[in-house]
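Participant: Quick one, what's the 3D model for this:
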Amino acid sequence: MSHTRPVQVHFDDLDAMGLLHNAHYSVLVERAITAFWTEQGWHFDPARSRFKDVFFAVREFTITYHVPIMGVGEPLVHFWIERMGNTSGVYGFRVLSPDGETVHAEGRRVNVNIDPSTLRPTPFSPEIRDAAQVLAA
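Facilitator: Residues are numbered from 1 along each chain as shown. Model (predicted):
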């Protein structure tokens, strides 16, 4: 399974040539993944979150660019979980044109679940694993 979500490209996301700045592709991916998990009940405040896992860090982010996004608009971010280990998860993603026909960029993002008191990796909870199943590749 996977998920596809529209995201907004604003004027201030563009570079001097009117193209989406290369660093902003990762922001689009972050916004799409965060929106998905927020809808599942995740919140950075443990008192408000459905999950006890609320402290994640990005360990790796790789991206390959194919066709630039020109101007403002609403591209799609298609993402899935390629692998979920004991303390880390690997997302695959593609940034697509609004019609889904053009792949602008693709890559992977690795998250690590961290214990906020020790800042060391900690196992994912059963609740977060169950919720992540809808994104399993």
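Participant: check contacts around the one residue sitting closest to the centre of the chain.
Facilitator: With distances taken as CA atoms, centre = their mean, the chain has I33 as the residue nearest its mean C-alpha position (3.5 Å). Contact partners of I33, counting by CB atoms under 8 Å, 6 or more residues apart in numbering, are 77, 79, 91, 109. Glycine gets a C-beta too; all of them are placed from N, C-alpha and C.
Participant: Hmm, the second one is touching Y91, no?
Facilitator: Yes: under the contact definition of CB atoms under 8 Å, F79 touches Y91, with a separation of 5.4 Å.
Participant: can you list the contacts of I33 in CSV and add neighbour count?
Facilitator: Shown next, in CSV, are the contacts of I33 (neighbours: other CB atoms under 10 Å):
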residue, neighbour count
V77, 24
F79, 22
Y91, 24
R109, 21
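Participant: How about stretch 11-29, which residues are buried there?
Facilitator: Neighbour-count burial for stretch 11-29 flags 13-14, 20, 24-26, 28-29 (criterion: 16 or more other CB atoms under 10 Å).
Participant: what do you get for stretch 78-97?
Facilitator: 78-82, 84, 87-96.
Participant: What of stretch 117-125?
Facilitator: So for stretch 117-125, counting by 16+ other CB under 10 Å, buried means 121-122, 124.
Participant: Using CSV, list the CA coordinates for the longest helix along the chain.
Facilitator: The single longest helix within the chain, with elements called by DSSP state H, is helix 24-40. Output in CSV follows, covering the C-alpha atoms of helix 24-40 (Å, rounded to 0.1, in the frame of the first residue of the first chain):
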residue,chain,number,x,y,z
HIS,A,24,12.3,22.5,-1.1
TYR,A,25,11.5,19.0,-2.5
SER,A,26,12.4,17.5,0.8
VAL,A,27,10.0,20.0,2.5
LEU,A,28,7.2,18.8,0.3
VAL,A,29,7.9,15.2,1.3
GLU,A,30,8.0,16.2,5.0
ARG,A,31,4.7,18.0,4.7
ALA,A,32,3.0,15.1,3.0
ILE,A,33,4.3,12.5,5.5
THR,A,34,3.5,14.7,8.5
ALA,A,35,0.0,15.4,7.3
PHE,A,36,-0.6,11.6,6.9
TRP,A,37,0.6,10.8,10.4
THR,A,38,-1.3,13.8,11.9
GLU,A,39,-4.5,12.4,10.4
GLN,A,40,-3.7,9.0,12.1
